[in-house]
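> Starting from these lines, generate the structure:
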Amino acid sequence: MKYFFKRAYILVLIITLVFGTINIASVNVKADKYVPALYAKDINNNDIKYTFKDGTLIAEGKGYADKSYSCRKKDIKKIVIKKGIKGIADYAFSECKNIKSISIPSSLTDIGFCAFYNSNLPTLTLPKTVRRIGAWSLTTNKPFSITMPGDFKLVWNDYLEEYERYISYGFKKIKLNSPYKPENKTQFASDSIYTMKNDPKYKSYKGTIYSKNGKTLVQVPAHTKHVKIRKGCTRVLESSLLYFGTTEEDGNVTFLNPKTVYIPKTVKKIVNDIKEYVNFDSKVKWTIKTKKLNGRSIELLCNIMSNSQRKKFLNSPNSRTIKKYNGMIITRSGILVRYTGKRKTLKLPSIVKRVGFNAVSSNKLKKLVLNKELKSIGAAAFNGCNHLKTIVWNKKLKKVEDDAFSDCDFKTVKITSSVRKWGSYVFAYNKSTKIIIPKKMKKIPAGMFIGNRVKNLVIPKTVHEIGNDSFADAKNKTITIKNGVREIGRGAFFGGDYTIKKVVIPKSVKKIGGYAFNMSAIKKLIIKNTSIKIGENALYSVGLMDVGKDPAKYFTYTYLSSMGTRFYQIAFFKVKGASGMEIEVSQKPNYSNPVVKKTVTNETGYVEIETPEEGFKYLRIRVYTINKNKKIFGPWKKISLL
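Below is the predicted model:
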């Protein structure tokens, strides 16, 4: 299971101000794009007439059908939306549990968040003109059949986690009236899926989606209990079986959880088209008739199976494997599929060209010696070998995939320069106190050294980018970033138990991602480039910020969204010579009608503000002094929101 860093991101805005006659230069800060509640800003301009009689609600006109009749939700039995209406707004018909029928026009293009949430929908037809569908919009109290577009964009409110981004728990039957898009697989959870007859790329066979010629399996419906791949199919996309979402616990859960899987004689190849590695429940019974699988396909198939089913498969003649070298199972093409031995030192034999997915699970292994012919190491290949301290690299190794050595016991990591492609989280949660980065490494991948214990970390000038979360949750003693590094990724040094006195960000760095140094408790941060772009909360908890000769203010845009409102925390540092500050936010550039106006005293701390759901577009701030009980304000300083 891939490790994901659980960010405990504190939702704070950071502003550093310097008061006085010195010119203050703004630092542009790019914020994450916020997707607002659908159509909220347009509903007041609607030209819609509602008629309600004998349980039938009729909406006609132009604009977006809204929540005007939410007070009568229990009485609504039939909904008729006339042609001309463009969208259905958030929560418009949620909790309408007595609906018997719905009529939706071809003019409709958008359906809002929770539009029909927890309503009764015996059946529904969405026109192919619908292009945006909000999360949870079709999540009802029981599955129903639907006709809907295959090509649409899922839209969600920002406070939803990744694992919550779906339009429905599931449908009985889905009939598509526009071309099927594989990227929407997780939104098509159902008993069966039927493509449109003239779909240019895909075709349904008994409710399962294949390529147009029927030779590639593309998606098995999520509610299928007995998977029987049709005879004549030669390729199986891994994502056809293992499309999944991220759970709240940062794990993976497959949408498809069958009882049996049948693979016919015609299948020749399992195609790796997903990054993750998950397997089905141990109760799944596999029937594999094909004897034509290549080594890579065997590796991928083993990854899907449970331990007991894998063992049975590898002992069968269908697997085309050879068994040698005490505990190592290697395919004829040179892929080490499994090693369950108990040796303290593992020397890979010359036949091995690749170590497969999650292939080695030995808790006894302390040393690994790569053979000269090894070219790639698969995802999680040595994940969890928590006694593995030493690795002897070779010169032909070109690729190391995600989590390959995560949760091992390396004290020193000296990265080989031969590797051209590194995955993410490769050395995550080791106990490394020393890391040596080669000159040829231009980018440190996401999460590569998360959770390590490096004493003196040096990022060489040859590294152009420090990836997201790459050194997060670590216990570094010093951090040295050489001039040459151009970008520091999101959460790169987030958290950890730092006791660092000073970190210098060189002139070459043009961007610091959100949360990069958040919660790191660095006592002093010196930023050489005053035109640098800084992400939200990137510098929160940094003790003192020094930007050299040109003092600057730092602002980052973030929020905590809730039903109908948005909450902000604006954190600020004490301003020398000032008595306090005044903060103003507005939807209008001339601040003629500010949303919120706050006055704060000159102390390090934060202030909370609350705005309507649409938030604000403009922010300005000014400092003041008090003379004879009268406030004397300095000029307004506008903050540029990107």
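> Check the gap between the spatially most central residue of the chain and Trp393 for me.
Centrality entry for the chain: nearest residue to the mean C-alpha point is Glu162, 6.2 Å, by C-alpha atoms, centre = their mean. To Trp393, Glu162 is 35 Å away according to C-beta to C-beta, to the nearest Å. For the C-beta atoms, the positions are set from N, CA and C on the backbone; glycine is no exception.
> Please enumerate the helices of this protein.
238-241, 295-304, 307-314 (DSSP state H).
> weakest of those helices in terms of mean pLDDT?
With a mean of 85, helix 307-314 has the lowest mean pLDDT of those.
> got the buried residues for that one?
Applying a neighbour-count criterion of 16 or more other C-beta atoms under 10 Å, one finds 309-310, 313-314 buried in helix 307-314.
> do the same with stretch 56-76
Neighbour-count burial for stretch 56-76, counted by 16+ other C-beta under 10 Å, picks out 57, 59-60, 63-66, 68-69, 73, 76.
> same thing with stretch 262-280?
By 16+ other C-beta under 10 Å, the buried positions in stretch 262-280 come out as 263-264, 266-272, 274, 276-277, 279-280.
> export the buried residues of helix 307-314 to a markdown table and tack on distance to Lys455?
Converted to a markdown table, those look like this (distance: C-beta to C-beta, whole Å):
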| residue | distance to Lys455 |
| --- | --- |
| Gln309 | 45 |
| Arg310 | 41 |
| Phe313 | 46 |
| Leu314 | 43 |
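> Tell me the one of those nearest Ser94?
Checking those against Ser94 by C-beta to C-beta gives Gln309 as the nearest, at 42.8 Å.
> In contact with the residue lying closest to that closest one once chain neighbours are set aside, which residues are there?
In space, and not counting its chain neighbours, Gln309 is closest to Trp286: 5.4 Å by C-beta to C-beta, 6 or more residues apart in numbering. Residues in contact with Trp286, defined by C-beta atoms under 8 Å, 6 or more residues apart in numbering, are 260-261, 263, 305, 309, 312-313.
> Arg420 too?
If you count contacts by C-beta under 8 Å, 6+ apart, Arg420 has them with 398-399.
> Now do it, the pLDDT please.
pLDDT, Arg420: 92.
> Distance check, it against Lys443.
11 Å.
> and what of Ile450?
Ile450 is 15 Å from Lys443, where distance means C-beta to C-beta.
> Look at those two and report which has more neighbours.
It is Ile450, of Ile450 and Lys443, that has more neighbours when counted by other C-beta atoms under 10 Å, with 28 against 16.
> Would you confirm that that one contacts Asn468?
No - if you go by C-beta atoms under 8 Å, Ile450 and Asn468 don't touch, sitting 9.7 Å apart.
> Return the distance of Ala92 relative to Gly61.
Distance, Ala92 to Gly61, using C-beta to C-beta: 14 Å.
> now the strands for the stretch 201-350 of the chain?
Counting by DSSP state E, counting those that start in this stretch, the stretch 201-350 of the chain has strands at residues 202-205, 208-211, 216-219, 226-228, 235-237, 244-246, 252-254, 260-263, 269-271, 285-288, 321-324, 328-331, 335-339, 345-347.
> Would you agree Ile437 is in contact with Ser417?
No - contact criterion C-beta under 8 Å: Ile437 and Ser417 do not qualify, at 9.7 Å.
> More neighbours: which of these two?
Of the pair Ile437 and Ser417, Ile437 is the one with more neighbours under other C-beta under 10 Å, namely 19 against 13.
> pLDDT weak spots in the stretch 201-350 of the chain?
For the stretch 201-350 of the chain, the stretches with pLDDT under 70 are 245-252, 276-277, 318.
> related to what we said a few turns ago, what's the closest of the buried residues of helix 307-314 to Phe113?
The shortest approach to Phe113 among the buried residues of helix 307-314 belongs to Gln309, at 40.7 Å (C-beta to C-beta).
> where's that closest one relative to Val227, distance?
Distance of Gln309 to Val227, given as C-beta to C-beta: 14 Å.
> can you check Glu238 too?
13 Å.
> Gly170 now?
Using C-beta to C-beta, one obtains 17 Å as the distance from Gly170 to Val227.
> before we move on, the earlier item: pull the most distant pair out of the buried residues of helix 307-314.
The largest separation in the buried residues of helix 307-314, counting by C-beta to C-beta, is between Gln309 and Leu314 at 9.7 Å.
> So Ala472 sits against Met448, correct?
No - with contact defined as C-beta under 8 Å, Ala472 does not reach Met448; the gap is 10.3 Å.
> and the gap between Pro149 and Thr195?
Look at Pro149 and Thr195: by C-beta to C-beta, they are 12 Å apart.
> okay, those two: which has more neighbours?
Set side by side, Pro149 and Thr195 show more neighbours around Thr195, with 23 against 20, by other C-beta under 10 Å.
> Turn the helices of the chain into JSON lines, including distance to Ile81.
Shown next, in JSON lines, are those (distance: least, C-beta to C-beta, whole Å):
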{"stretch": "helix 238-241", "distance to Ile81": "35"}
{"stretch": "helix 295-304", "distance to Ile81": "44"}
{"stretch": "helix 307-314", "distance to Ile81": "50"}
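> returning to what we had before: the buried residues of stretch 56-76 in strands, which ones?
57, 59-60, 63-65 (DSSP state E).
> List just the nearest of those to Asn476.
Distances from Asn476 to those, taken by C-beta to C-beta, are shortest for Tyr64, at 51.2 Å.
> Which strand residues bridge the closest one?
For Tyr64, the beta-bridge partners are Gly87 (DSSP bridges).
> coming back round to it: separation between the residue nearest to Gln309 and Asp47?
Using C-beta to C-beta, one obtains 59 Å as the distance from Trp286 to Asp47.
> swap in Lys289?
Lys289 sits at a distance of 63 Å from Asp47 (criterion: C-beta to C-beta).
> Of these two, give the one with the bigger neighbour count.
Between Lys289 and Asp47, Lys289 has the larger neighbour count (other C-beta under 10 Å), namely 14 against 10.
> per-residue confidence at Val600?
As predicted, Val600 sits at a pLDDT of 70.
> Could you list the low-pLDDT ranges of the stretch 451-600 of the chain?
496-499, 519-521, 530, 540-576, 594-595.
> Which parts of it are strands?
Under DSSP E, counting those that start in this stretch, the stretch 451-600 of the chain gives strands at 456-459, 465-466, 478-481, 487-488, 503-505, 511-512, 524-527, 533-534, 544-546, 552-553, 560-562, 565-572, 580-586, 594-601.
> returning to that earlier point: any chance of the strands of the stretch 201-350 of the chain in a markdown table with distance to Ile377 as columns?
Formatted as a markdown table, these follow (distance: least, C-beta to C-beta, whole Å):
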| stretch | distance to Ile377 |
| --- | --- |
| strand 202-205 | 34 |
| strand 208-211 | 31 |
| strand 216-219 | 28 |
| strand 226-228 | 30 |
| strand 235-237 | 23 |
| strand 244-246 | 23 |
| strand 252-254 | 21 |
| strand 260-263 | 27 |
| strand 269-271 | 19 |
| strand 285-288 | 26 |
| strand 321-324 | 19 |
| strand 328-331 | 14 |
| strand 335-339 | 10 |
| strand 345-347 | 13 |
